[in-house]
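Asks: Take a look and give me a structure for this.
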Amino acid sequence: MLRALAALESLKEGNQRFVSETRGEASLTGQARRMELVAGQSPSAIILGCSDSRAPAEIVFDQGLGDLFVIRVAGNIVAPSQVGSIEFAAERFGSRLVVVLGHTLCGAVTATLEELRRPSENRSPNLKSIVDRIRPSVQPLLEFSGKQETDTLIRRAVRANIRASANHLRHGSPILEELVDSDGLLVVGAEYCLETGVVEFFDGLPQEIDKEEAGE
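Replies: As a prediction, the model looks like this:
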């Protein structure tokens, strides 16, 4: 757990630099760093993020070459290929922190809400597969939304989708579950704010895990 917490702190510090516009030195991506990485890599964290062009993990966390193992897919959904990529990095490189990184105003989440309200007939089966993976986490919100403002609904849906993806990783892979139980792997959920640049970690933090284990 200590390695995971150290990696988490590094990401928080990097995001603070990004927000305050005091980003790190060019050595993070320079020739010397490239040469160091030729022989191998040991990323401190694995990021499952959204493909949105406004939310590149390496930039918002102010990390350099070799620091992060990043998987990006629309809606930061969890599918077999994403799980396999995370298993690979956790086993091969020893990374002990996994971050599911969603963001405000996520287009994939918004599209899922729109689809649930007004189902389309000619949607691409590939796009439908993304919507179908987001649907279970956001449909209950839509069913009980009442007169809830659209912006509020989207904010809640984005976080629900992040939580669902993080929970899937904790409990949907025997390999990751074993690493969580016995080798300090930590899976957390976070949301990047497009407007402020701040990343808020809100799901799966150690104190939350302790409460769950205590049955609170």
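Asks: I'd assumed V83 was in a strand, is it?
Replies: No: judged by DSSP: H, G, I helix; E, B strand; the rest coil, V83 forms no part of a strand; its state is helix.
Asks: Grab the most central residue of the protein for me.
Replies: V100 (1.6 Å; CA atoms, centre = their mean).
Asks: Looking at the backbone only, give me phi and psi for that residue.
Replies: phi -90, psi 110 (degrees, to the nearest 10).
Asks: likewise I47?
Replies: Per degrees, to the nearest 10, the backbone of I47 is at phi -120, psi 120.
Asks: And A55, by the same measure?
Replies: Main-chain torsions, A55, degrees, to the nearest 10: phi -130, psi 60.
Asks: Also the one 4 residues further on?
Replies: In this entry, I59 is assigned phi and psi values of phi -80, psi -50 (degrees, to the nearest 10).
Asks: and the nearest residue to it once chain neighbours are set aside, how many residues sit next to it?
Replies: Among residues not flanking I59 along the chain, F18 sits closest, at 6.8 Å (CB to CB, 6 or more residues apart in numbering). Quick note: C-beta positions are derived from backbone N, CA and C, even for glycine. Per other CB atoms under 10 Å, the neighbour tally for F18 reads 20.
Asks: Quick one: list the elements packing against whichever helix or strand F18 is part of.
Replies: Taking DSSP states H and E as the definition, F18 sits inside helix 2-20. If you count contacts as 3 or more CB pairs under 8 Å, 6 or more residues apart in numbering; DSSP states H and E, helix 2-20 packs onto strand 45-49, helix 57-60, strand 97-103, strand 186-192, strand 199-203.
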